[in-house]
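K.L.:
when you get a sec, could you give me coordinates for this:
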Amino acid sequence: MSTWLTLTKIEPALIEQVLEGRGPLVRDSGGDSFACDYRIIDAVAEGRAEVETGASDWTSVYPGLAASVGHGCAVVHERGLGDASGFVLTPEEVCRVAEGLVAEGWTTRSAAAWAAGRQERGLEDLGPFFAAAAAEEKAVVGKLS
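P.N.:
Take a look at the predicted model:
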């Protein structure tokens, strides 16, 4: 069973609506969305952290990556039976995440490559997604389901 991470760039003016539950957690908006299997991110990050630092808690080793998937972010609502956990990153947090992903070595493609894009996304696309969102001064709303 997969746990999907879905991220969507949104206008900062929509943050309050999302936090108050008046807006959708995530919208399918093509190039403004990113989705991948969270278990892949978790497994790769855990393995890399263990090899590089001897630690298995990757969220403390890679804080940029951790924030990009919702660790330590403003929670929209907690996961319940058959529900999704949601989180929001402000434009300022998006910039910090984008910078953190680069510093931690999680990006191999540019924001321009993201914009040219392709249908299928992978872990290597997470950095460019956040770089594009930062350049566009967007917030990001995410969910794990």
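
K.L.:
residue contacts, the nearest residue to Glu11 once chain neighbours are set aside?
P.N.:
Counting by C-beta to C-beta, 6 or more residues apart in numbering, the nearest residue to Glu11 once its immediate chain neighbours are dropped is Lys138, at 6.8 Å. Placement of C-beta: from N, CA and C, glycine included. For Lys138, the contacting residues are Lys9, Ile10, Glu11, Pro12, Asp32, Pro91, Val94, by C-beta atoms under 8 Å, 6 or more residues apart in numbering.

K.L.:
tell me the phi and psi of Lys138?
P.N.:
phi -100, psi 160 (degrees, to the nearest 10).

K.L.:
that one and Gly21, how far apart?
P.N.:
Separation of Lys138 from Gly21 (C-beta to C-beta, to the nearest Å) stands at 20 Å.

K.L.:
lowest-pLDDT helix or strand in this structure?
P.N.:
helix 111-116 (a mean of 54; mean pLDDT, DSSP states H and E).

K.L.:
after that one, next one along is what?
P.N.:
helix 126-135 (DSSP states H and E).

K.L.:
which strands or helices does that following helix pack on?
P.N.:
Counting contacts by 3 or more C-beta pairs under 8 Å, 6 or more residues apart in numbering; DSSP states H and E, helix 126-135 packs against strand 4-10, strand 33-37, helix 63-68, helix 91-103, helix 111-116, strand 139-144.

K.L.:
which of the residues in it are buried?
P.N.:
Neighbour counts over helix 126-135 (16 or more other C-beta atoms under 10 Å) mark Leu126, Gly127, Pro128, Phe129, Phe130, Ala131, Ala132, Ala133, Ala134 as buried.
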